[in-house]
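Engineer: Fold the following, please.
(one chain, ligands or ions: 1)
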Amino acid sequence: MSSSPLLNELVEALRVLPGVGAKTAQRMAFHVLERDRAGARRLADKLRDAVERIGNCTRCRTFSEEPVCTICRSASRDAASLCVVETPVDQAALEHATGFRGRYFVLLGRLSPLDGLGPQELGLDLLASRLAEGEVRELIIATNPTVEGEATAQYIGQLARQAGIRATRLAHGVPLGGELEFVDRSTLAHAFGTRQDL
Ligand SMILES: [Zn+2]
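Structural biologist: Now for the predicted structure:
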């Protein structure tokens with residue numbers, strides 16, 4: 001607790017950020033007040049702008065300040081490849097790592113009936129009508145390799161089959177640069193079972 005109620009409120013507000021506990025929040029608050037008030041003002045402006053102006057793309061559901069995002073609008077993207085991911089963060093990770101030139105569909109979650117997340121919440125009706133447009137030839141399902149992510153992948157695979165579209169799934173395996181003795185058993189078993197020709 002400090003002598004300023006406003007400072008206490010700032011510390012409390014900073015804790016909304018992931019991985020920021022009471023100590024870190026306090027350090028951040030003191031830092032901006034002591035050393036970087038201009039930076040803090042810019043941060044406050046950007047936070048307000050982002051929260052007020054960034055919505056979701058009406059075609060792929062990723063974050064966008066326009067009704068249709070830049071990737072969906074880009075003519076240089078291959079309309080035949082559509083990659084399904086759980087979150088905009090996963091989309092950004094693939095975008096940075098792979099050089100994929102198709103388009104995306106962002107579920108904003110994964111099937112999880114206990115949390116009230118069903119096909120409707122994941123926009124799967126939007127995905128189905130997208131597949132029915134006839135442009136997509138391969139649906140790359142890049143949901144996470146968790147129990148719920150796999151169940152989601154199975155469900156979406158079904159949608160693709162119904163639309164007569166090829167569905168593929170990211171490979172699971174041994175991490176590059178890793179050593180077999182440190183890989184968990186289920187990953188190792190999966191990698192062994194899906195080994196490829198050399
Ligand atoms: Zn989009």
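
Engineer: What is the burial count for Val136?
Structural biologist: If you count neighbours by other C-beta atoms under 10 Å, Val136 ends up with 22. Just so you know, the C-beta spots here come from the backbone N, C-alpha and C atoms, and that holds for glycine as well.

Engineer: try Arg73
Structural biologist: If we define neighbours as other C-beta under 10 Å, then Arg73 has 14 of them.

Engineer: quick one: pLDDT of it?
Structural biologist: We have a pLDDT of 96 for Arg73.

Engineer: who touches it in this structure?
Structural biologist: By C-beta atoms under 8 Å, 6 or more residues apart in numbering, the contact list for Arg73 reads Glu66.

Engineer: That one and Glu66, how far apart?
Structural biologist: Going from Arg73 to Glu66 by C-beta to C-beta, to the nearest Å gives 8 Å.

Engineer: same deal with Asp125?
Structural biologist: From Asp125 to Glu66 the distance is 22 Å (C-beta to C-beta).

Engineer: Likewise for Ala13?
Structural biologist: In terms of C-beta to C-beta, Ala13 sits 29 Å off from Glu66.

Engineer: Tell me the secondary structure at Val68.
Structural biologist: coil (DSSP: H, G, I helix; E, B strand; the rest coil).

Engineer: quick one: it and Val84, what's the gap?
Structural biologist: Val68 is 18 Å from Val84, by C-beta to C-beta.

Engineer: Looking at the two, which one has more neighbours?
Structural biologist: Val84 (26 against 12).

Engineer: right, and the secondary structure at the more buried one would be what?
Structural biologist: From three-state DSSP, the assignment for Val84 is strand.

Engineer: now it, which residues is it bridged with?
Structural biologist: Val84 has these beta-bridge partners by DSSP bridges: Phe105, Ile141.

Engineer: How about the contacts made by it?
Structural biologist: Tyr104, Phe105, Val106, Leu107, Leu127, Leu139, Ile140, Ile141, Ala142, Thr143, Ile156.

Engineer: ditto for Arg61
Structural biologist: Phe105, Val106, Leu107, Leu108, Gly123, Leu126.

Engineer: same deal with Gly55?
Structural biologist: Phe63, Ser64, Glu65.

Engineer: For PyMOL, what selects the buried ones among those residues?
Structural biologist: Buried subset of the contacts of Gly55, written as a PyMOL selection, criterion 16 or more other C-beta atoms under 10 Å:
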select buried, resi 63+64
